[in-house]
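K.L.:
build me a model from this:
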Amino acid sequence: MRRRLLRPRTGKGEGMSGEETSACGCSCGTPKPLFDEPEEHGPWWKDTELMFPITAGVFCITAFILDHTVSPTAALACYWVALIAGGWTFIPGSLRQLVTSKGRSRMGVGLLMTIAAIGAVLLGHVGEAAALAFLFSISETLEDRAMDRAQQGLRALLSLMPNTARVVRDDVETTVPASEVQASDVLVVGAGERVATDGTVIAGQSWLDTSAITGESIPVGVSPGSSVSAGSVNGSGTLRIQATSDGRDNSLTQIVRLVEQAQSAKGERARFADRVARPLVPAVLVASLLIVLFGFLVGDPATWTQRALVVLVAASPCAMAIAVPVTVISAVGAASKLGVVIKSGVAFEQLGTIQTVAFDKTGTLTENNPRVVATHFVVDDALPMAAAVESASSHPLSRAIVAAAAEPGTNNTDAALTAHEVQEQPGQGLIGVVEGKRVRVGSPRWIPTDGTGELADRVAEMSQAGMSVVVVEVDGTPAGVLGIRDELRPEAAAAVQALADQGMRSVMLTGDQEVTAQAIAAQAGIPSDRVWAGQLPADKARVVAELVDKSPTAMIGDGINDAPALAAATVGIAMGVTGSDAAIESADVAFTGSDVRLIPVALAHARRGRRIMTGNIGLALAIIVVLFPLALFGVLGLAAVVLVHEVAEVIVIGNGLRAGRMPRQLTALPESTPAAPPQVITAQ
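P.N.:
A predicted model of the protein is given here:
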């Protein structure tokens with residue numbers, strides 16, 4: 001960790017490094033890059049950046065006491081010290097920006113404060129100038145602390161990266177900085193150690209804790225061939241992992257980059273604040289000049305010049321400019337801790353407007369892992385025979401049959417059977433020879449069950465229940481049927497109910513057949529009239545566009561096959577992706593985990609953030625509207641206006657930081673419903 005070297009602060013007039021400034025002419029809306037080493041401020045009494053504001057405050061208080069008790073001359077000296085200490089934090093930078101910058105960015109709030117301080121001194125009000133310098137400098141420092149705190153969520157993500165990694169190069173194990181890991185390096189990860197970058201397990205078995213990345217608390221089992229993500233914690237044993245990305249460009253760093261971009265991209269409310277704040281600074285300067293001219297016309301230039309200086313401060317728009325950035329940065333950072341990557345400020349604001357949620361079925365509401373959920377056999381060993389034939393295929397339904405045959409309690413033999421002469425009939429099924437018997441496994445259209453009585457009835461029942469039906473035939477006689485279905489995720493129904501409790505409407509889009517779609521929708525709690533089945537990607541995009549015309553709509557899918565629908569939605573959400581997936585590039589929001597219960601949590605979080613932004617903007621506008629006439633007619637002096645303005649800014653910052661503290665009722669996930677076990681029906 002390193003400390004930032006002390007240098008004259010640029011205040012509201014200039015960014016610390018000349019970076020792009022916000023509406024008020026400061027860098028408050030521009031997050032510092034998180035790939036630099038984070039700053040460490042330490043305790044306040046050791047913080048060099050607080051030295052100047054604290055010095056100004058101490059001497060201001062001392063001067064006030066001396067002015068009313070001992071010596072006005074000593075008080076004046078103390079006021080000068082306070083003015084120099086406080087002014088050093090913003091006056092040099094504001095004047096430098098006035099000379100070096102172009103356009104409206106050269107006229108920031110720091111310039112208004114500089115003019116007000118210099119003008120007060122010229123009018124002989126050194127005490128008020130010192131108070132202005134102290135209050136403005138301390139508010140600047142607090143604002144910096146607020147922005148740093150708002151980015152703690154992303155810094156926490158970066159802290160998941162280990163400092164070093166063990167790699168095997170030329171058959172020699174060595175320790176290198178994690179940032180120097182190269183793609184194709186072989187990593188050695190022991191129990192309790194973090195994975196330095198994305199890769200594939202090539203040796204060892206273990207389980208990984210991915211909760212800090214995906215938000216899912218259940219450890220994930222890995223073995224050779226399993227993919228692992230940077231930042232995962234190895235639970236037990238030793239793994240050898242071949243890196244598929246380098247240490248500085250992996251899923252974790254890409255997620256952080258995306259969230260950084262989100263914190264700087266501006267949404268509707270940020271653009272509104274800019275539209276108000278950007279022209280306000282030059283307008284205030286013009287208004288102040290007109291007030292001074294009016295003073296000369298009425299024969300009282302001193303009074304009206306002083307009021308013009310107070311107006312400069314009263315109409316300062318910095319609270320307006322900080323109102324949105326601090327909220328967005330806090331909220332986006334907090335969401336990233338739950339594995340929710342929001343890619344822009346626009347997406348965050350739009351996420352808070354959603355009224356309709358459109359789910360893709362496969363892989364979103366369902367597990368994308370077809371299982372045998374019902375069977376009916378009339379021939380011994382029909383299931384192991386079918387599994388022997390299907391083991392030659394990589395089709396998802398084939399894998400489901402093989403897995404069912406391996407489960408205890410099913411109608412299988414003690415030893416696995418082997419199939420020979422296996423042939424695939426495209427779109428129909430497989431044919432093979434098992435134990436000298438000719439076995440066909442395929443769809444009811446290919447292997448009719450008409451005239452078989454009970455088997456035909458079972459086929460009809462399974463089809464009506466939304467299952468994919470597979471018929472097993474042995475030596476030309478139907479031997480049994482299997483019902484296979486991609487089961488609903490255990491948490492899906494709870495997520496849909498939570499959305500309904502928030503007043504949102506859930507719909508389902510799928511390319512599957514109507515019967516299957518309606519069966520899954522019924523389990524999830526989605527009404528039948530909100531289900532669109534048999535949808536091609538273009539059809540999904542059309543339906544989503546129609547939904548968007550009626551109300552703001554979020555489309556939730558895998559981000560690849562559903563790309564047209566994601567693009568057509570108000571907000572596209574990709575589930576179960578990492579920073580290296582194409583899905584995260586095609587969506588506005590990406591969930592690194594697959595727990596759909598986080599969807600209502602994220603939507604509620606975004607709505608709360610929008611409310612906070614709206615409140616901040618309203619307060620900032622109200623302060624300007626109230627203070628301007630009070631300053632113009634001399635009701636409040638310079639120090640009083642500065643105090644009110646900076647207190648309001650502190651309130652705005654504090655309110656914005658609330659967006660980063662997610663209430664417990666938001667993060668408490670509803671209980672999931674366990675998946676129903678397979679319904680095994682046998683008849684001999």
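K.L.:
before we move on, what's the pLDDT of residue 271?
P.N.:
The model reports residue 271 with a pLDDT of 59.
K.L.:
one more: residue 353?
P.N.:
Residue 353 is given a pLDDT of 92.
K.L.:
contacting residues for it?
P.N.:
Residue 353 sits next to 552, 570, 610 when contact means C-beta atoms under 8 Å, 6 or more residues apart in numbering. C-beta here means a position set from N, CA and C on the backbone, and glycine is covered the same way.
K.L.:
hmm, 10 Å instead?
P.N.:
Applying C-beta atoms under 10 Å, 6 or more residues apart in numbering to residue 353 gives the contacts 268, 551-554, 570-571, 603, 606-607, 610.
K.L.:
make a PyMOL selection of the buried ones in those residues.
P.N.:
Here is the PyMOL command that selects the buried residues among the contacts of residue 353 (16 or more other C-beta atoms under 10 Å):
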select buried, resi 552+553+554+570+571+603+606+607+610
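K.L.:
list just the nearest of the contacts of residue 353 to residue 55.
P.N.:
If you rank the contacts of residue 353 by distance to residue 55 using C-beta to C-beta, residue 610 comes first, at 40.2 Å.
K.L.:
what about that closest one, which helix or strand?
P.N.:
Per DSSP states H and E: residue 610 is located in helix 598-632.
K.L.:
buried sites along the helix or strand just after that helix?
P.N.:
Sequence-wise, the next helix or strand downstream of helix 598-632 (DSSP H and E) is helix 638-657. Buried residues in helix 638-657, counted by 16+ other C-beta under 10 Å: 638-642, 644-646, 648-653, 655-657.
K.L.:
what's the answer for stretch 457-475, then?
P.N.:
Residues of stretch 457-475 classed as buried: 458-459, 461-463, 465-474 (neighbour count, 16+ other C-beta under 10 Å).
K.L.:
okay, and which of those map to helices?
P.N.:
Counted as lying in helices by DSSP state H, out of the buried residues of stretch 457-475, are 458-459, 461-463.
K.L.:
do a quick rundown of the helices in the stretch 201-350 of the chain.
P.N.:
211-214, 251-264, 268-277, 280-297, 301-314, 318-323, 325-337, 345-351 (DSSP state H, counting those that start in this stretch).
K.L.:
tilt between the fourth one and helix 301-314?
P.N.:
Between the axis of helix 280-297 and that of helix 301-314 there is an angle of 170 degrees, by axes from the mean of the first three to the mean of the last three C-alpha atoms, to 10 degrees.
K.L.:
related to what we said a few turns ago, which of the residues in the helix holding residue 610 are buried?
P.N.:
Neighbour-count burial for helix 598-632 flags 598-610, 612-613, 615-617, 619-621, 623-624, 627-628, 630-632 (criterion: 16+ other C-beta under 10 Å).
K.L.:
now it: average pLDDT?
P.N.:
What helix 598-632 shows for mean pLDDT is 89.
K.L.:
that one relative to helix 280-297, how many degrees between them?
P.N.:
Angle, helix 598-632 to helix 280-297, by the same axes, to 10 degrees: 10 degrees.
K.L.:
export the helix or strand in which residue 65 is found to CSV, keeping only CA atoms.
P.N.:
Using DSSP H and E, residue 65 sits within helix 51-69. In CSV, the C-alpha atoms belonging to helix 51-69 read as follows (Å, rounded to 0.1, in the frame of the first residue of the first chain):
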residue,chain,number,x,y,z
MET,A,51,-3.3,18.8,8.1
PHE,A,52,-4.2,21.9,6.2
PRO,A,53,-8.0,21.9,7.0
ILE,A,54,-7.3,21.1,10.6
THR,A,55,-4.7,23.8,10.9
ALA,A,56,-7.2,26.3,9.3
GLY,A,57,-9.9,25.2,11.8
VAL,A,58,-7.7,25.5,14.9
PHE,A,59,-6.5,29.0,13.9
CYS,A,60,-10.0,30.1,13.0
ILE,A,61,-11.3,29.2,16.4
THR,A,62,-8.2,30.7,18.1
ALA,A,63,-8.7,33.9,16.2
PHE,A,64,-12.4,34.1,17.1
ILE,A,65,-11.5,33.8,20.8
LEU,A,66,-8.7,36.3,20.6
ASP,A,67,-10.9,38.8,18.7
HIS,A,68,-13.4,38.8,21.5
THR,A,69,-11.1,38.6,24.5
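K.L.:
quick one: buried residues of whichever helix or strand comes after it?
P.N.:
Sequence-wise, the next helix or strand downstream of helix 51-69 (DSSP H and E) is helix 72-87. Applying a neighbour-count criterion of 16+ other C-beta under 10 Å, one finds 75, 77-87 buried in helix 72-87.
K.L.:
mind giving me the domain ranges of this protein?
P.N.:
Using automatic domain parsing, the domains assigned to the chain come out as 11-153+259-327+613-660, 162-246, 340-367+489-592, 372-483.
K.L.:
on the pLDDT front, check the spatially most central residue of the chain for me.
P.N.:
Nearest to the geometric centre of the chain sits residue 341, at 2.7 Å (C-alpha atoms, centre = their mean). Listed pLDDT for residue 341 reads 81.
K.L.:
now the residue nearest to it when sequence neighbours are not counted: how far from residue 574?
P.N.:
Excluding the flanking residues, the one nearest residue 341 by C-beta to C-beta, 6 or more residues apart in numbering is residue 590, at 4.4 Å. To residue 574, residue 590 is 5 Å away according to C-beta to C-beta, to the nearest Å.
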